[in-house]
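Undergrad: build me a model:
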Amino acid sequence: MNKIFAIIGPAGSGKTSLVKELQRRGIPKMVSYTTRPPKPDETDGVDYHFVNSEGFVKAQPFEKVSYGGYLYGLRKEEILDKVNQFPISVVDVDMEGVIQLKKLLGERLESICVLVDKETIFSRFMMHGDKLEDVKSRIEKAETLGEYDDWQCADHVVKNTGTIEMSIIQILAIMGRVKAVD
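TA: Model (predicted):
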């Protein structure tokens, strides 16, 4: 049975880096629509489909959430295309997105929570040059949304405090795709 693995966890846990590394290793990623502006290193159609509010409504996303004042969502066609075309694919969503996707995909969806302590997240944000008040705000928001507790509802948990390679090996093992390290 083809599966989609939803990568969840708080901001700063490393979800985006892990998904990019999985893509580099040949695991396709679902591309969400968002109303937020692209970051300098993001490409439209690769990282997200960047649209305005009108474009978001036109896309008619099946799974949709609001985060940080912006909308994010996946089209049903994108979801079904990936699950029908590929044995394994991956998506970066929050727990609300997992709940919505589970209604459509049932057993074909498994969630992997990227577990990281707040100190590591704080350090990562600060190393990226984020402002202290922004870092505190993001951590507080994740606490308010219960993102540090997502592991309790996830199908699998991966601790991402070591190297990215260690986390990727754990995720590939969950996916049944363990192979020799490149």
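Undergrad: now do the contacts for the residue minimising distance to the centre of the chain.
TA: Compute the mean C-alpha point of the chain, and by Cα atoms, centre = their mean the closest residue is Asp92, 1.7 Å away. Asp92 makes contact with Ala6, Ile7, Ile8, Lys15, Thr16, Val19, Lys29, Ser32 under the criterion Cβ atoms under 8 Å, 6 or more residues apart in numbering. Any C-beta I mention is one placed from the backbone N, CA and C, and that applies to glycine too.
Undergrad: any low-confidence regions in this protein?
TA: For the chain, applying pLDDT under 70 flags the ranges 178-182.
Undergrad: before we move on, what SS does His49 have?
TA: Of the three states, His49 takes strand according to DSSP: H, G, I helix; E, B strand; the rest coil.
Undergrad: neighbours of the residue lying closest to it once chain neighbours are set aside, how many?
TA: Distances taken as Cβ to Cβ, 6 or more residues apart in numbering place Tyr33 nearest to His49, at 4.5 Å, with adjacent residues excluded. When neighbours are defined as other Cβ atoms under 10 Å, Tyr33 has 22 of them.
Undergrad: surely Tyr33 touches Ala59?
TA: Yes: taking contacts as Cβ atoms under 8 Å, Tyr33 lies within contact range of Ala59: 4.7 Å.
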